[in-house]
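> A predicted structure for the sequence below; I have some questions about it.
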Amino acid sequence: MRVLKFGGTSVANAERFLRVADILESNAQQGQVATVLSAPAKITNHLVAMIEKTISGQDALPNISDAERIFSELLQGLADVQPGFEYDRLKTRVDLEFAQLKQVLHGISLLGQCPDSVNAAIICRGEKLSIAIMEALLQARGHEVSVIDPVEKLLAVGHYLESTVDIAESTRRIEASQIPPQNMILMAGFTAGNERGELVVLGRNGSDYSAAVLAACLRADCCEIWTDVDGVYTCDPRQVPDARLLKSMSYQEAMELSYFGAKVLHPRTIAPIAQFQIPCLIKNTANPQAPGTLIGAEGEQDENPVKGITNLNNMAMVAMV
């Protein structure tokens, strides 16, 4: 069992959705795969902007229109190249989501505020639609698919907008689902449910955490985070041209780098996989042949005592004497 997570840039358009489906099919030849998806690139930003603009009395229509266009082009692009893709059904689903969203935004405009529970339900809509679209794409290719509903199966504690998953209870719930071993598994990232069955989210960029949690619940052999870079570098390659790709690093090293500014992994991602000793592989969706960076109990041993350098922008340290 392998858990693969794909971020927003990996599912930004039809071409990239198809590439992800190819990667899933390739991995499925080696054993069962479970996949966690983010919202397509820019969608979550648009959803957040819709809430903020509606509360402040600004016009959110440009953000709504842009988000609708992203999904419309995505669906049309898949329908153009994938025989059997259920375009009409998916288009109806997307249209319904946006119709409901507009009604909720109207309510927010009347209230002049957005309760956190409503906020959570809005900002995770992109992930839900990513899963619906990928399910239809894989089914059009002849695969059996099981979708895990994270609101039902992942028990979370905490705030509506920043919750933590109870792995023990979530494992029990997922095991009770008895998913057929031949099925591909899909789950929306970023989302879980509290003890009252209400939808909560796991913090911004929490889909990495979702993947780590699912890997722990499934006792996966590996958790793979697919993104738009070849792996973890010794420093930011956009700022340092001769940055070196790391072949491997330890859980502790990865956790420290993520907390201090490295953007490859969400800071909370490491704890679940380290607890259950699940290796984590960072891979590039656009370059799947690249080996990536393996995060495990032990990192790469070399003569350089410094594994990587990271930075936090716009920070200052004040010493009180």
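Nice, I can see it.
> So what's the residue count around residue 50?
The tally of other residues near residue 50 (other Cβ atoms under 10 Å) stands at 25. In this view, the C-beta of every residue, glycine as well, is placed from N, C-alpha and C.
> so it touches residue 64, yeah?
Yes: if you go by Cβ atoms under 8 Å, residue 50 and residue 64 touch, sitting 6.3 Å apart.
> Mutual contacts of these two, please.
101, 105 (Cβ atoms under 8 Å, 6 or more residues apart in numbering).
> helices and strands of this structure: which one bottoms out on pLDDT?
helix 251-259 (a mean of 82; mean pLDDT, DSSP states H and E).
> can you pull out the strands in the stretch 201-321 of the chain?
Taking DSSP state E, counting those that start in this stretch as the criterion, the stretch 201-321 of the chain carries its strands at 222-227, 248-250, 280-284, 293-296.
> Ok, which of those comes nearest residue 195?
strand 222-227 (26.0 Å; Cβ to Cβ).
> helices and strands around the closest one, which ones?
strand 2-6, helix 207-218, strand 280-284 (3 or more Cβ pairs under 8 Å, 6 or more residues apart in numbering; DSSP states H and E).
> Give the buried residues for the least confident helix or strand of the chain.
251, 253, 254, 255, 256, 257, 258 (16 or more other Cβ atoms under 10 Å).
> where in the stretch 151-300 of the chain is pLDDT low?
Applying pLDDT under 70 to the stretch 151-300 of the chain flags residues 259-264, 299-300.
> In the chain, what residue spans correspond to helices?
Along the chain, counting by DSSP state H, helices occupy 14-28, 43-56, 61-81, 87-111, 116-123, 125-140, 150-153, 167-176, 207-218, 251-259, 270-275.
> and those helices, which one is worst for confidence?
Of all the helices of the chain, helix 251-259 carries the lowest average pLDDT, namely a mean of 82.
> What angle do helix 207-218 and that one make with each other?
150 degrees (axes from the mean of the first three to the mean of the last three Cα atoms, to 10 degrees).
> relative to strand 280-284, how tilted is helix 251-259?
Going by the same axes, to 10 degrees, helix 251-259 makes 50 degrees with strand 280-284.
> Work out the gap between helix 251-259 and the centre of the chain.
Relative to its chain's centre, helix 251-259 lies at 19 Å (Cα atoms, centre = their mean, to the nearest Å).
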